[in-house]
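K.L.:
Okay, sequence plus prediction incoming.
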Amino acid sequence: MNKVFLIGNLTRDPELRETPSGVAMCRFAIAVQRPYSSQDGERQTDFFECTAWRGLGETIARYTKKGKKVAVVGSIQIRNYEDNQGAKRTAVDIIVQDCEFLSPKDSDDSFGDVSEAPRASAQKRKPVLQAMDDDSDIPF
């Protein structure tokens, strides 16, 4: 099973692109702090490159920006490539399958209303409570 769960902050604004066939692709990076400190008391941070496709990618690009906290669920993809000097390199990417926005909405947020954003996972509505005027049914 190849599944990863990450919570971190975006290190840059998401970049939305389209493939030549018109499929939306969003690339972004998140910084995730390790749960422990080094000997000098400093917390270490890992940086992950992420890719989201189609509607999920469009939603991430529209409603997030640098510094926002997100929870990402996806899979790890390792790819090998050759850099400009001809050296062989390895890159680790997270292919995003689900994303939840964890930062509160800013009042000056120019990315639209997050409450109107399509949800990747189902969300339950809060029940409407009615006031009780009659206390005769209360057993205490």
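P.N.:
Cool, got the structure.
K.L.:
can you pull the contacts of D13?
P.N.:
Residues in contact with D13 (CB atoms under 8 Å, 6 or more residues apart in numbering) are 28, 65-66. C-betas here are computed from N, CA, C, even on glycine.
K.L.:
Need the contact partners of stretch 68-75.
P.N.:
So stretch 68-75 is contacted by 2-10, 30, 50, 60, 64, 94-103 (CB under 8 Å, 6+ apart).
K.L.:
mind listing what's buried in it?
P.N.:
Going by neighbour count (16 or more other CB atoms under 10 Å), the buried part of stretch 68-75 is 68, 70, 72-74.
K.L.:
Show me what the most centrally placed residue in the chain is bridged to.
P.N.:
With distances taken as CA atoms, centre = their mean, V70 lies nearest the centre of the chain, 3.7 Å away. Beta bridges link V70 to G8, F101 when assigned by DSSP bridges.
K.L.:
For it, give me the pLDDT.
P.N.:
We note a pLDDT of 97 for V70 in this prediction.
K.L.:
what secondary structure does G57 sit in?
P.N.:
At G57 the chain is in helix, as set by DSSP: H, G, I helix; E, B strand; the rest coil.
K.L.:
residues contacting it?
P.N.:
G57 makes contact with 16, 24-26, 51, 96, according to CB under 8 Å, 6+ apart.
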